[in-house]
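J.: sequence plus the predicted model coming up.
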Amino acid sequence: MPAAPRDALEFPESDRLFLEPQLPPRDGSTPRPDMPFTTLTFATSLDSSLALSPGTRTVLSGPQSKAMTHYLRSRHDGILVGVGTALADDPGLNCRIAGVGGYGGENLDFQPRPIVIDPTARWNFSDNSKLFQLCREGRGRAPWVVTTMPEPPAEKDALLKEYGGQFISLKMTTSESGRHQIDWNELLVTLRLKGLRSVMIEGGGHVINSLLEPSYMSLIDRVVVTIAPTWLGQGGVVVSPARRFDEEGNPMSAARLKNVKWYPFGEDVVLCGQVNV
Ligand SMILES: NC(=O)C1=CN([C@@H]2O[C@H](COP(=O)(O)OP(=O)(O)OC[C@H]3O[C@@H](n4cnc5c(N)ncnc54)[C@H](OP(=O)(O)O)[C@@H]3O)[C@@H](O)[C@H]2O)C=CC1
Ligand SMILES: Nc1nc(O)c(N)c(N[C@@H]2O[C@H](COP(=O)(O)O)[C@@H](O)[C@H]2O)n1
């Protein structure tokens, strides 16, 4: 086996044991036969912000919880973000745990497939995008880009295919405020048909808030949230699903977790649970 590079991350066995009950089963079985196991996972500040502003890459996780996130990546077949995140972060969306493919392991073993929801192909990726650099170095997989365009731009399509990625065209609706809305059921069924047995959904704010809507929250199998001891302040990208009302029209909690476990990782704390549908 090749030696692990110096920037490879370590995640201790004791921490792995804690996380195991939260992870997709190793035998690849899924709670719903036609969909992947889904983990909603992100890092948040004490004021529920993912980032200082929509276009800003913001480090929240400390070294231990960052290693935890990368271990999660090694245990999922796919890792999904919205185009806002791709534009803001130029992310790698690979797994840098020592022993996985490209970090001391063979081929691309345990490297997740990046998936970007980009309804109108706004993401201007190029050979210089981090994701594609990692592909060239054998440290990550090429992305699947989910669009509502029946015929995505030919140049982007060609570049994706050159690296082994692809566009996936799905119908989407548009909300009254003009936002694209994917049907999460259809997306997950499509990803399962393409071979993914587990997907971790990382963000950003729009993606998470849409998945936490009442019609979709039952599709979330686990929630794993890193909470960093900081307030980012107003103007950030917040996780705050749409307000819900009870039958009398009174405001009620939008979503709540059950079977909750807490675990400290350095200065951060990691909260795991299941959505109480
Ligand atoms: N702390 C953390 O763990 C994480 C932080 N982040 C941060 O979050 C920020 C980005 O968040 P945000 O701006 O909300 O962007 P998102 O990554 O959520 O992407 C938003 C865009 O993606 C498309 N999209 C998202 N959800 C849907 C849906 N349900 N149906 C159809 N299209 C959808 C839309 O594209 P269109 O407008 O083209 O229709 C939308 O405008 C960045 O600053 C990033 O750093 C991101 C991930 C994790
Ligand atoms: N777990 C976590 N902690 C943070 O502090 C973060 N900012 C994020 N962001 C997510 O990770 C992506 C970056 O990944 P790479 O290091 O480039 O592989 C970013 O795009 C967000 O999805 N996550």
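T.: Sure thing, it's come through. Numbers count the residues shown, from 1 in each chain. Ligands and ions are numbered 1, 2, ... in the order given.
J.: Gly204 and Ala158, how far apart?
T.: Distance from Gly204 to Ala158, counting by Cβ to Cβ, to the nearest Å: 28 Å. To be clear about C-beta, it is placed using only N, CA and C from the backbone, and glycine gets the same treatment.
J.: what do you get for Phe11?
T.: From Phe11 to Ala158 the distance is 37 Å (Cβ to Cβ).
J.: how about Ser240?
T.: When Cβ to Cβ is applied, the distance between Ser240 and Ala158 equals 39 Å.
J.: so is stretch 63-79 next to ligand 2?
T.: Yes: Stretch 63-79 is in contact with ligand 2 by Cβ under 6 Å from any ligand atom, via Thr69.
J.: related to what we said a few turns ago, higher neighbour count, Gly204 and Ala158?
T.: Gly204 (23 against 9; other Cβ atoms under 10 Å).
J.: gap between the more buried one and Arg122?
T.: 14 Å.
J.: which residues sit in contact with Leu131?
T.: Counting by Cβ atoms under 8 Å, 6 or more residues apart in numbering, Leu131 touches 91-94, 114, 125, 140, 142-143.
J.: out of the residues you listed, which end up buried?
T.: Among the contacts of Leu131, the ones that count as buried by 16 or more other Cβ atoms under 10 Å are 91-94, 114, 125, 140, 142-143.
J.: which SSE is the residue in the stretch 101-250 of the chain that ligand 2 sits nearest to in?
T.: Of all residues in the stretch 101-250 of the chain, Glu202 sits closest to ligand 2, at 3.8 Å by Cβ to the nearest ligand atom. Glu202 belongs to strand 198-203 when assigned by DSSP states H and E.
J.: that strand vs ligand 1: in contact?
T.: Yes: on the criterion Cβ under 6 Å from any ligand atom, strand 198-203 is in touch with ligand 1 at 202-203.
J.: quick one: list the elements packing against that strand.
T.: Judged by 3 or more Cβ pairs under 8 Å, 6 or more residues apart in numbering; DSSP states H and E, strand 198-203 is in contact with strand 37-44, strand 78-82, helix 205-211.
J.: which positions within the helix-or-strand element of the chain with minimal mean pLDDT qualify as buried?
T.: Here the helix or strand of the chain ranked lowest by mean pLDDT, DSSP states H and E is helix 13-19, holding a mean of 93. Using 16+ other Cβ under 10 Å as the test for burial, helix 13-19 gives 15, 19.
J.: what does the stretch 101-250 of the chain put close to ligand 1?
T.: So far as Cβ under 6 Å from any ligand atom goes, the stretch 101-250 of the chain lies against ligand 1 at 117, 119-120, 122, 172, 180-182, 202-207, 210, 237.
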